[in-house]
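J.: coordinates only, sequence not included:
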RNA sequence: GCCGCGUUCGUCUAAGGGUUAGGACACCACCCUUUCACGGUGGUGAUACGGGUUCGAAUCCCGUACGCGGUACCA
């Protein structure tokens, strides 16, 4: 019987959740759902110096907003907890010790300054960044270069130390990546990574292996930036004697900045004017606010959809997918190898499509909140739904509903009279006065009937409908935009329509 | 520098030896619309380069270039 699929998303809580991070979550989630497996959230907070309060809660909220909720995690529990590495601290040491005993790791007593000296000493034009590896290992202060007695003395004296992996001289580590196929590294070219830090915390390299093992992770998906350290992890699985349980790896392509090259960063978002975080993030230290997709007016359905398509497709021309469809169709072997540049225009297109596609009730609360934040008295839901239905085709972001529907809630404060004045004359004034009266007496309040009688009146007054339609629009809307004028009149009602016409007449 | 991973229209991508290299975003034009959008139709536009293998290469192999990632007691 095949093992139950278990995957994890393992962020470090150092700030806002980035686009690439959410996509990693998505692919994990989809893979788990597709294969009837579990999706675990594990917080990798082993670097105490980079801990940011609130970041974990923020990440959990992002996942909730996206609808990508984990089956296990610090907030929901599970059989493999704790799910914060800081709370698992005591677990890791025994494995580091085991590696020392078996000779695959060693104690290193070098202080930061000594490491710096080493890097300076071995630095050459051909080797600008010397590594702590087999070439310098014996030149440093560690249990490889020291005698057993010296090492023991240092340990007994409480001299701070780290535990480093001893990378083999010249072996080839090969593993199969689900996206890239077979990948090989020569161990002689990889450095002796620190596994256990002086403060007793594991580094990522030890923690990821130990926790993936303990949590019975079967498939490990992460960003491509981890590929170079994969051989260290593969070796640790082997040295710890867990080789047969090593997860299958998949290193996801990076999401790149739209202009130039390189990984998409928060700074690029600021610079290019689009968000890179899922939701608003306020840095607790600086109080800097970084805008998120949610607050900008993105629908979670669209956000998830667009992220899914950044590096994956199902082989058909279909681009619009619900989360459910994605879970049915997702497969890791259709994930791309190459990175994808993020295109905000396309992102907005996805959102526009979702606004048109979803029933308005579905996102009414969000639109309602945006409108209220702008001071609009939204009124009852039935009316809001009619408004949204009328204008949604012209909204790309949920925040666009404000500009597109403001005049359906309030009398426009400013009228674009310049669009009317040049062709304004006594005949038109006369026409609109008559129109106001006729509208006042109207028995039907349907857009189609209004249009018919309005045009009939124009004909009776010998005026082309085209000459009074724009003025009417300006009177009701305030500007040259918006849905059909008679649809607008129908929505705002008879009294308001007459009021706006008379109001405009006074200004002309 | 070294190691690794990549490379199809401006962007996201399809095509897993045989297609006029297809679609989407963006852009342009036209149509629809007595507003602005939506929508519809059409258009511009790509296999990085050089060698192989093959009857035949975007596709397989090698090299080159370019890009990205890594090279921390950060993840």
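T.: Thanks, I have the structure now. The shown structure was predicted, so the numbers you read here are calculated from the model rather than taken from an experiment. Residues are numbered from 1 along each chain as shown, chains lettered A, B, ... in the order given.
J.: quick one: pLDDT of the closest residue to RNA strand B within chain A?
T.: With distances taken as CB to the nearest atom of the strand, chain A approaches RNA strand B most closely at residue A:466, which sits 2.4 Å away. (C-beta placed from N, C-alpha, C; glycine too.) Looking at residue A:466, its pLDDT reads 89.
J.: what do you get for the one 3 residues further on?
T.: Among the per-residue scores, residue A:469 shows a pLDDT of 95.
J.: ok, how many other residues are close to the residue nearest to it when sequence neighbours are not counted?
T.: Taking CB to CB, 6 or more residues apart in numbering as the measure, residue A:469 lies nearest to residue A:485, with 6.5 Å between them; neighbours along the chain are not counted. Applying other CB atoms under 10 Å, we find 22 other residues in the vicinity of residue A:485.
J.: List the contacts of residue A:485.
T.: For residue A:485, the contact set (CB atoms under 8 Å, 6 or more residues apart in numbering) comprises A:469, A:472-473, A:476-477.
J.: Need phi/psi at it.
T.: Residue A:485 adopts backbone torsions of phi -60, psi -40, taken as degrees, to the nearest 10.
J.: Mind giving me the packing neighbours of the lowest-mean-pLDDT helix or strand in chain A?
T.: In chain A, no helix or strand scores lower on mean pLDDT, DSSP states H and E than helix A:266-272, which sits at a mean of 85. Based on contacts counted as 3 or more CB pairs under 8 Å, 6 or more residues apart in numbering; DSSP states H and E, the elements that helix A:266-272 packs against are strand A:289-290.
J.: on that earlier part again, show me what counts as buried in the least confident helix or strand of chain A.
T.: Along helix A:266-272, these residues count as buried under the neighbour rule (16 or more other CB atoms under 10 Å): A:266, A:268-269.
J.: Rebuild these as JSON lines, extending it with distance to residue A:481.
T.: Listed next are those as JSON lines, based on distance: CB to CB, whole Å:
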{"residue": "A:266", "distance to residue A:481": "34"}
{"residue": "A:268", "distance to residue A:481": "32"}
{"residue": "A:269", "distance to residue A:481": "29"}
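J.: Out of those residues, the closest to residue A:409 would be?
T.: Residue A:409 lies nearest to residue A:269 out of the buried residues of helix A:266-272, by CB to CB, at 32.0 Å.
J.: mind listing what the closest one touches?
T.: Residue A:269 makes contact with A:275-277, A:290-291 under the criterion CB under 8 Å, 6+ apart.
J.: ok, which residues in the stretch 101-250 of chain A are in contact with RNA strand B?
T.: Residues of the stretch 101-250 of chain A lying close to RNA strand B (CB under 7 Å from any atom of the strand) are A:110-112, A:115, A:119, A:125-129, A:131-132, A:160, A:162, A:180-181, A:183-186, A:189, A:191, A:194, A:197-199, A:201, A:203-204, A:224-229.
J.: Got a ChimeraX select line for the buried ones in these?
T.: Paste this into ChimeraX to select the buried members of these, with burial taken from 16+ other CB under 10 Å:
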select /A:110,119,131,132,162,180,183,185,191,194,197,201,203,204,224,226,227,229
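J.: At which residues are the strands of the stretch 1-150 of chain A located?
T.: Ranges of strands within the stretch 1-150 of chain A are A:6-9, A:38-41, A:105-108, based on DSSP state E, counting those that start in this stretch.
J.: Low-confidence stretches in chain A?
T.: When residues are selected by pLDDT under 70, those of chain A lie in A:1, A:260.
J.: quick one, domains of it?
T.: Per the record's domain assignment (automatic domain parsing), chain A is made up of the domains A:87-252, A:417-507.
J.: what about residue A:250, which helix or strand?
T.: With secondary structure defined by DSSP states H and E, residue A:250 is part of strand A:248-252.
J.: List the buried residues of the helix or strand hosting residue A:495.
T.: With the criterion set as DSSP H and E, the secondary-structure element containing residue A:495 is helix A:494-507. Of the residues in helix A:494-507, A:496-498, A:500-501, A:504-505 count as buried by neighbour count, 16+ other CB under 10 Å.
J.: List just the nearest of those to residue A:419.
T.: Closest to residue A:419, out of all of the buried residues of helix A:494-507 and judged by CB to CB, is residue A:504, at 11.6 Å.
J.: got the contact list for the closest one?
T.: Residue A:504 touches A:415, A:417, A:432, A:471, A:474-475, counting by CB under 8 Å, 6+ apart.
J.: what's residue A:45 sitting at in phi/psi?
T.: Reported as degrees, to the nearest 10, the phi and psi values for residue A:45 are phi -110, psi 50.
J.: cool, and residue A:162?
T.: Here the main-chain torsion angles of residue A:162 (degrees, to the nearest 10) amount to phi -120, psi 170.
J.: hey, what's it bridged with?
T.: Residue A:162 has these beta-bridge partners by DSSP bridges: residue A:108.
J.: Does it touch residue A:197 like I think?
T.: Yes - using CB atoms under 8 Å, residue A:162 is in contact with residue A:197, at 5.7 Å.
J.: Quick check: closest non-adjacent residue to residue A:75.
T.: Here the nearest residue to residue A:75 in space, its sequence neighbours aside, is residue A:60; by CB to CB, 6+ apart that works out to 5.3 Å.
J.: Contact residues of the stretch 301-450 of chain A facing RNA strand B?
T.: Taking CB under 7 Å from any atom of the strand as the test, the list of the stretch 301-450 of chain A residues beside RNA strand B reads A:309-311, A:313, A:315, A:317, A:319, A:333-334, A:336-341, A:343, A:345-346, A:349, A:356, A:393-394.
J.: So residue A:195: helix, strand or coil?
T.: Assigned state for residue A:195: strand (three-state reduction, DSSP: H, G, I helix; E, B strand; the rest coil).
J.: check contacts around it.
T.: Residues counted as contacts of residue A:195 (CB under 8 Å, 6+ apart) are A:96, A:99, A:105, A:162-165, A:202-203, A:205-206, A:236.
J.: got it, and residue A:339?
T.: Residue A:339 makes contact with A:224, A:253-256, according to CB under 8 Å, 6+ apart.
J.: Could you identify which of the residues you listed has the most neighbours?
T.: Counting neighbours by other CB under 10 Å, residue A:255 comes out on top of those with 23 neighbours.
J.: isn't it right up against residue A:20?
T.: Yes - in this structure, residue A:255 is within contact of residue A:20 by CB under 8 Å, at 4.5 Å.
J.: shared neighbours of these two, anything?
T.: Shared between the contact lists of residue A:255 and residue A:20 (criterion: CB under 8 Å, 6+ apart) are residues A:263-264.
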